[in-house]
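> The following comprises the amino acid sequence and a computationally predicted model.
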Amino acid sequence: MLHELSALETRDKIAAGDITAVQAAAAAFDRIRSLEPKLHCYNSLLEEKAMDSAAAIDRLRAAGKPLGLLAGVPIALKDNLCTTFGATTCSSRMLKDFRAPYNATVIEKLSAAGAVFLGKTNLDEFAMGSSTENSAFGPTRNPWNTDRVPGGSSGGSAAATAARLCAASLGSDTGGSIRQPASLCGIVGLKPTYGLVSRYGLVAFASSLDQIGPMTRTVSDAALLLQVLAGHDPLDSTSWPAEPQNYLDGLEKPLESVRIGLPEEFFGSGTDRQVLAAVNAAIEFYKSQGAEIVPVKLPHTKYGIAAYYVIAPAEASSNLARYDGVHYGHRTASAGDIYELYAASRAEGFGPEVQRRIMLGTYALSSGYYDAYYVRALKIRTLIKRDFDDAFKQCDFIACPTSPTTAFEIGSKSGDPLQMYLCDVFTVTCNIAGIPGMNIPCGFSSDRLPIGLQLFGPVFSEARMLRLARQYEKHHPWHTQTPPV
Amino acid sequence: MHPGTQGGGVTAQPAYKVIIGMEVHVQLATVSKMFTGAANGFGGAPNAQVDPVILGLPGVLPVINRRAVEMAMMVGLALNCDIARHTKWDRKSYYYPDLPKNYQISQYDQPLCGAGELQLPLPDGRMKTVRIRRAHLEEDAGKLLHESGAAESLVDLNRAGTPLLEIVTEPDLASPEEARLFGEELRRICRYLGVSEGIMQQGHMRFEPNINLHIYPEGSPEGRVVRTPITEIKNLNSFRAVERACGYEIQRQLADWIADPNAAAGGGKSTRGWDDDEGVTLLQREKEEAHDYRYFPDPDLVPLHVGEQWVAELRQGQPELPIARRRRYEAMGLSVKEAASITEEKPIADLFDRAVALGGPVRRVTNLILGSGAKLANERAARESRVYLASDLAVTPAQYAALGRMVEDGVISASAAATVFDHLAENPDADPLAAAKELGLIQVRDAGQTELWVRQAIESNPQAVTDYKHNPKKKQASLGFLRGAVMKASGGKADPRLVGELLEKILNTAE
């Protein structure tokens, strides 16, 4: 079955002439047609454009022209990445009909590499959420159990990738939005080092935390996509002008004498016992392979959620100020003066969680509260960075659970924002510190829900982190299991 | 200090001192905008000079314009400011339809340029030090167009994102005139540096004076001091408006205090607008309505580190500034007024320097530029209704130098030089000496010929001769008149020195 092929396999088979890009794309759309009504992974499909791109790849190959790294690979895009094709909605009424006049840098890079875009995937509105229930267009369902959430905010990409509705996808991660849904859907999700991938064209949520990254079924696919996505972009001042690395070479070679740190703060009593058991088993595997396991301390982890929910909303309150009903996006039908226009357009255009975070952030930046909230959160940020710096003096990577629980039931937390915020407890410090983190599947619970292992590394350690992940995956092919949907 | 009427009746104006600080916005004449590659320039069809960054579309990011930073530092160096080694960018939040992101990227607590000073020459020849508090970079907003009768306003974002340098002074200006002079000197500096054309009508520079009075009810600063509430006058875009608005505001604050000495004392800062037609300021906003701008560091931009070498290179490349040139010209023998006139526009000062460097005598070149050059340029300016400087004429520095030397050497007279000058302006490649010959203006130094012209003039003007001989009051004037008559008779060719000698000799001997 073509839809079972990984991105790498799809590309290689197309290049070898075993299959055509058109066949691969058609297989993806067949699969989408049969499962999308049950899952709602996509906000919009780009079938016509995808079939045209696939045909163009096949023509290139027929003409003997060189093919890109992702030639013919069917890929899904989180709907907060600006594309000149289709709408870019951020799953918000505010941008329901917004069509960007430009492509995000990552879109340009994927296009140049020959990727075939299937559609734009569902997310929590403006990437704010951990369940994809905050979408203005309805929730996405977890393919392992459709009563469960897929996680969020990149839930559409995670569910589509897990359910084989694409070969691979892009997500964005501000506080765990790639890794947590990857964990809950049983796929690989990588949040790169802050600055490794250009943010130009990613609709901003919290600029100092946002990163785009690959969501794939295999570690090799994550390396393949990262190879295309990474690199300096003059349009993004925060992108890092580093020498390009090769993430694919040596991927199969296990790391020698690796030290893996276990932070006690991530193995406390709040975590599901089955999750802990699966994560510990993965750590035992590494130990059996010769890794040195060292206890490390990340003492300021307990302030991570508090700091995150000041910094991210503060930036969001400013980033989302532009959606005011004046220049583009939703505009209220009835408004007396300009201030009524602002207020009504925003009240109608934004959902409750987005409004909540705008208010939180506006408050935190207000005169008289700035020092008590924003400045203190920045101090915690410094301490959390220092925690990781200290830990990485004792170990090469850190291993821990990605999510304290497996996928929870739709509706079970949507009424309690604080419970929802705690879903991010293991993922936010990675964004706060700007370091890379990834989720790899490490087993299933007794009720057949995926469990994820999270790895953290020092900045720009993605190449070695991918090798470490691949070492585990080679002996634990959880990704070969297809969701029962 | 304005002494006012001391010890008079209740209506007398008290003694007071004027306190003015200035905020100036200078648009920097960069090729592209502050944070994106869209073209930076005035005019064009509405919303033609925009791109996704200017429109504030979802997902766009700002990138610092290096040239704007350099231009800001050039102004900072010219004002002797401390140039920050580390600076950052902050977002200033407020909702307005001409601001697409609803925040302005600015610099809050770490301006690119710190404390400095401007040496301001006053008309009486004194120098005044105006302290600069800071100067920082930010982006300009767009414009709203309110068409009369229309239900909606229109937005033009061409100006949005233009690099702005905001310069803030300490409250060192003591009169409306000083406020105006400061503005004019700052404009001159910016034009010398080439960071702005300083075209006021196009909003290249906008002034916001902050003004209040220290009133001395007991007649002197040693007694009680009442400080009137500070007002900020927004968005003045002419020097005349700066002077008039400050003048109005002084009288208004004074009248307020006289009307109610208790109400006018103390209180917060208010914002006023200037109605140029009515010549009055109008209240716009009281302090209680002040915005909370929720400044915070822009996470889309990285802090800027300014290396020593970068500053050194800019310092190296700084042109000589107007005040330094004025002093140099004064040392060369120009009067204060002449030096000020020549340095008013950099191209003219450059013309002067080049003409002198090519051997033009300082006195003659000065007279040619401020005389013939200015006269002809003014005529053309009036005829063509545009700015026209002497440096815009076709006359080259070499021609100025040659012409000046010809006058100095007595080859032609000063009045003949003016004729040759006009000829050169019309005939760009002409040689000054050849032109003088062609026009028959080469000075005649033959004593016999000159004496003929002198006698001719004496015969034709008996009344002047009589006055010279018998009316001591009119003696000098008559001599001058006769000298003019000789020159006229000679068609400007006579040597004035020889004419003077012969004229006096003949008048004093012939009875």
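That came through, no problem. Residues are numbered from 1 along each chain as shown, chains lettered A, B, ... in the order given.

> switch to C-alpha atoms for all contacts and neighbour counts from now on
Noted.

> what about B:Leu370, neighbour count?
By other Cα atoms under 10 Å in any protein chain shown, 16 other residues sit near B:Leu370.

> so what's it up against?
By Cα atoms under 8 Å, 6 or more residues apart in numbering or on different chains, the contact set of B:Leu370 is B:Glu338, B:Ser341, B:Ile342.

> what about B:Ala430, distance to B:Asp392?
Distance check for B:Ala430 against B:Asp392: by Cα to Cα, to the nearest Å, it reads 17 Å.

> contacting residues around the residue nearest to B:Leu441 when sequence neighbours are not counted?
Leaving aside its chain neighbours, B:Leu441 sits nearest to B:Lys493 (5.2 Å; criterion: Cα to Cα, 6 or more residues apart in numbering or on different chains). By Cα under 8 Å, 6+ apart, B:Lys493 lies in contact with B:Ile412, B:Ser413, B:Ala416, B:Gly440, B:Leu441, B:Ile442, B:Gln443, B:Val444, B:Met487.

> Tell me the buried residues within the residues you listed.
B:Ile412, B:Ser413, B:Ala416, B:Leu441, B:Ile442, B:Gln443, B:Val444, B:Met487 (16 or more other Cα atoms under 10 Å in any protein chain shown).

> neighbours around the closest residue to B:Leu393 other than its chain neighbours, how many?
Counting by Cα to Cα, 6+ apart, B:Leu393 lies nearest to B:Ala425, which is 6.2 Å off, once chain neighbours are set aside. Residues near B:Ala425, counting by other Cα under 10 Å, number 17.

> Identify each buried residue in the one helix or strand B:Ala425 maps to, please.
For B:Ala425, the host element (DSSP states H and E) is helix B:414-426. For helix B:414-426, the neighbour count (16+ other Cα under 10 Å) marks B:Ala414, B:Ser415, B:Ala416, B:Ala417, B:Ala418, B:Thr419, B:Val420, B:Phe421, B:His423, B:Leu424, B:Ala425 as buried.

> Enumerate the residues of chain A near chain B.
A:81-82, A:100-102, A:104, A:199-204, A:207-208, A:234-238, A:315, A:318-319, A:321-322, A:326-327, A:362, A:365-367 (Cα under 8 Å from any Cα of the partner chain).

> any idea how far B:Val155 lies from A:His40?
39 Å.

> between the two, which one's more packed in?
Neighbours were counted for B:Val155 and for A:His40 using other Cα under 10 Å; A:His40 has more, 22 against 19.

> Skipping adjacent residues, who's closest to A:Leu81 in space?
Leaving aside its sequence neighbours, A:Leu81 sits nearest to A:Leu202 (Cα to Cα, 6+ apart; 4.7 Å).

> who are the neighbours in contact with the one you found?
Per Cα under 8 Å, 6+ apart, neighbours of A:Leu202: A:Asn80, A:Leu81, A:Cys82, A:Ala104, A:Ile212, B:Pro58, B:Gly59, B:Val60.

> Just the ones of the residues you listed in strands?
A:Ile212 (DSSP state E).

> Enumerate every residue touching B:Ala68.
B:Leu28, B:Thr30, B:Met34, B:Pro163.

> cool, B:Ile250 as well?
B:Val18, B:Ile211, B:Asn212, B:Leu213.

> average pLDDT across the one helix or strand the first one maps to?
Same thing as B:Val18. Remark: B:Val18 resides in strand B:15-27, with elements defined by DSSP H and E. Taken as a whole, strand B:15-27 has a mean pLDDT of 97.

> dump the residue contacts of the one residue sitting closest to the centre of chain B.
Centroid-nearest residue in chain B, with Cα atoms, centre = their mean: B:Glu184, separated by 3.6 Å. For B:Glu184, the contact set (Cα under 8 Å, 6+ apart) comprises B:Phe239.

> in what helix or strand does it lie?
B:Glu184 belongs to helix B:176-193, assigned by DSSP H and E.

> I'd say B:Ala135 and B:Glu117 touch.
No - in this structure B:Ala135 lies outside contact range of B:Glu117 using Cα atoms under 8 Å: 11.2 Å.

> more neighbours, those two?
B:Ala135 (29 against 20).

> which SS state does the closest residue to that one other than its chain neighbours fall under?
Spatial nearest neighbour of B:Ala135, excluding adjacent residues (Cα to Cα, 6+ apart): B:Ile167 at 4.2 Å. Judged by DSSP: H, G, I helix; E, B strand; the rest coil, the three-state class of B:Ile167 is strand.

> Next one: B:Ile167 from B:Ile83, what distance?
13 Å.

> re earlier: tell me the one among the buried ones among the contacts of B:Lys493 nearest to chain A.
Lowest distance from chain A to the buried ones among the contacts of B:Lys493 (Cα to the nearest Cα) belongs to B:Ala416, with 62.7 Å.

> That closest one reaches B:Leu441, doesn't it?
Yes - using Cα under 8 Å, B:Ala416 is in contact with B:Leu441, at 6.0 Å.
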